[in-house]
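Participant: Need a 3D model of the following:
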Amino acid sequence: MSFHRNGTLLLAAFLLWAPASHAATEEQDPSKIDLAKLIECTTYDVPSYNEFALWLTGPESAKAMKLFGISELPSDNPFLREFQLSAPLTVFGRQTSRIAFASTGPLAVLDEADPHALAKQLGVTAAVDRPNKFLGEKEILSRKDQQENSDTVLHTRISLNVSTDEAHPGKTLAGCSYSIEVE
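Facilitator: Modelled structure (predicted):
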């Protein structure tokens, strides 16, 4: 494989600019994803998450759920798919037996009524902080890429989220959001 000079400079600039934990981390095999790291925003990129989500919800979902030891639960929130884990998972220094998937990422369902301690620990800033609702995020990665020979700009964003949800009283949801939007 050969790079011409500009390609090498662009690649080097990207690798220096992007956080090391998110540089070229695309996991080719979704069965090898570390679920805790996916939830904690510590290793994976948007394509890795998308591959995993498609594998988990697609034609091979029974195989995926068996491999990860998860079974789907009914959800009172139409925007979340919830799963029970056969063995507890440690995320953010806490254990959980339940996870959920929003449209853009996985969330741990934690047995904590008050989200403030976790948000503070993770450096997550509240956008909404009321007695019945907490919603906060910390941006991990934000990158805009102009598509070659096009006016299209892709905005890649990875953020750590902490929230409460009325469908989960006494619980805090925390996890990662992986998205690419067209601007």
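Participant: From here on, just use CA atoms for contacts and neighbour counts.
Facilitator: Will do.
Participant: Apart from its neighbours in sequence, what residue is nearest residue 160?
Facilitator: residue 176 (4.6 Å; CA to CA, 6 or more residues apart in numbering).
Participant: what are the ranges of the helices in this structure?
Facilitator: Counting by DSSP state H, the chain has helices at residues 5-17, 35-40, 46-57, 61-68, 116-122.
Participant: what about the closest residue to residue 169 other than its chain neighbours, how many neighbours?
Facilitator: In space, and not counting its chain neighbours, residue 169 is closest to residue 113: 7.3 Å by CA to CA, 6+ apart. Close neighbours of residue 113, defined as other CA atoms under 10 Å, add up to 13.
Participant: just the one 4 residues further on next, same as before
Facilitator: The burial count assigned to residue 117 is 10, neighbours taken as other CA under 10 Å.
Participant: Residue 54 versus that one, what's the distance?
Facilitator: Distance, residue 117 to residue 54, by CA to CA, to the nearest Å: 33 Å.
Participant: Show me the shaky parts of this structure.
Facilitator: Where the chain drops to pLDDT under 70, the residues are 1-27.
Participant: do that again at 50, thanks
Facilitator: 1-25 (pLDDT under 50).
Participant: ok, and the closest non-adjacent residue to residue 123?
Facilitator: residue 138 (6.7 Å).
Participant: does the one you found really touch residue 120, like I thought?
Facilitator: No - using CA atoms under 8 Å, residue 138 is not in contact with residue 120; the gap is 10.7 Å.
Participant: Report the strands that pair with the longest strand belonging to the chain, each with its relative direction.
Facilitator: With DSSP state E setting the assignment, residue counts place strand 133-146 as the longest strand in the chain. If you go by DSSP bridges, strand 133-146 pairs up with strand 125-130 (antiparallel), strand 153-163 (antiparallel).
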